[in-house]
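dropping a prediction and its sequence here:
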Amino acid sequence: MICFDAPVLRRLTTTLLGALLAAIAVLGLGVAADARPAQTAVPTCVPITVRDSTTNAMAVFSGTVTDVQRSARPDGLAGAIYTQTVTVDMVYRGKVTTETVTVQTDRNRADCSLGALAVGTDYMFFVTGTGQPWVAAGSSGTRVSSETVVSQVVRLLGDGAPPIEPAPESAEFTPVDSAEPQTLSRAAAPGAALVLVGLLGLVVVRFVRTRTR
C-alpha cells in the first residue's frame, strides 16, 4: 500500500480536480456548438464590370433616388420588393422619355439582390423591363455613380442626353370657305345681263339702219 503525506495528497487532488473541470468544459462547449442551428448563407453579389453591365442592359441612365416604397414579395417568400422613384439626369441607352421613372429592386436570401437603394444618392442604373417599372436585378451592375463609372459609360455608350418628352401631336386644319354658296339665279345674273345688253345693241343697230334708208 502506497502512502502519501498530506501536501502531496493535496497537490494530487487539486491536479485531478482541475483536469476533470477542463474536460467538462470542453465537452460542454462541444455540445453547445452542436446544438446551435446552422445559419443559412446569404449569397453575395459577384462583381460585374461596367462593360458587362452595358451589354446586358436594355436601358442605362444616371439619376437620384428621391423615394423608396416597400412591399411584400408576390411569391410569398421571405424578403421584400422595393420601388424607387428616380429623377433621371442623363440617358445613355434606352427609351426614357420622362424626367421621373420608377426602378424596382428586391431583397431575398436565395439570390443576389440589391435591396432598398438610398434616398438622395446618385446611381448609375443598368436595367431591364418595359419602364413600368424598370427592373434592376442584383446582377445588373446598378451601382452608386461616380466620375469613374460615368467616364466608363461615356466611353462605351457616348455622352448621353437628358430625357426628352415626346412632342405632343399637333392637328393640321385646312381653311374652309364659310361663305354661303351662291344661288343659281345669282350665279347666272352676270351672263343674263350680258345677253340683255347684246339684244338691246341689236335693236338699236336695226333701228338706226331703218331710219337711214
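Nice, I can see it. Note that the coordinates shown come from a computational prediction; the quantities given were computed from them, not determined experimentally.

next, count neighbours for the closest residue to residue 142 other than its chain neighbours.
Leaving aside its chain neighbours, residue 142 sits nearest to residue 136 (4.2 Å; criterion: Cβ to Cβ, 6 or more residues apart in numbering). Backbone N, C-alpha and C define where each C-beta goes, glycine included. Residue 136: 27 surrounding residues under other Cβ atoms under 10 Å.

what do you get for residue 62?
Residue 62: 19 neighbours (other Cβ under 10 Å).

swap in residue 133?
Neighbours around residue 133, by other Cβ under 10 Å: 17.

quick one: residue 82 is in a strand?
Yes: Residue 82 forms part of a strand when assessed by DSSP: H, G, I helix; E, B strand; the rest coil.

residue 64 touches residue 118, doesn't it?
No: assessed by Cβ atoms under 8 Å, residue 64 is found out of contact with residue 118, at 10.1 Å.

settle it for me: which of these two has more neighbours?
Neighbours per residue (other Cβ under 10 Å) separate residue 64 from residue 118, with residue 64 holding more: 15 against 11.

now do that one against residue 154, distance only.
18 Å (Cβ to Cβ, to the nearest Å).

same thing with residue 56?
Per Cβ to Cβ, residue 56 is found 18 Å from residue 154.

next one: residue 131
Taken as Cβ to Cβ, the span from residue 131 to residue 154 is 22 Å.

which of the two has more residues huddled nearby?
The neighbour count for residue 131 versus residue 154, taken as other Cβ under 10 Å, is higher for residue 131 (17 against 13).

show me the contacts for that one.
By Cβ atoms under 8 Å, 6 or more residues apart in numbering, the contact set of residue 131 is 59, 94-96, 101.

show me where the protein has strands.
Ranges of strands in the chain, per DSSP state E, are 59-71, 80-93, 100-107, 122-129, 134-135, 143-144.

mind putting those strands into JSON lines with distance to residue 161 and mean pLDDT?
What follows is the strands of the chain, written out as JSON lines (distance: least, Cβ to Cβ, whole Å; pLDDT from 0 to 100):
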{"stretch": "strand 59-71", "distance to residue 161": "10", "mean pLDDT": "97"}
{"stretch": "strand 80-93", "distance to residue 161": "6", "mean pLDDT": "96"}
{"stretch": "strand 100-107", "distance to residue 161": "15", "mean pLDDT": "95"}
{"stretch": "strand 122-129", "distance to residue 161": "15", "mean pLDDT": "97"}
{"stretch": "strand 134-135", "distance to residue 161": "18", "mean pLDDT": "96"}
{"stretch": "strand 143-144", "distance to residue 161": "21", "mean pLDDT": "96"}
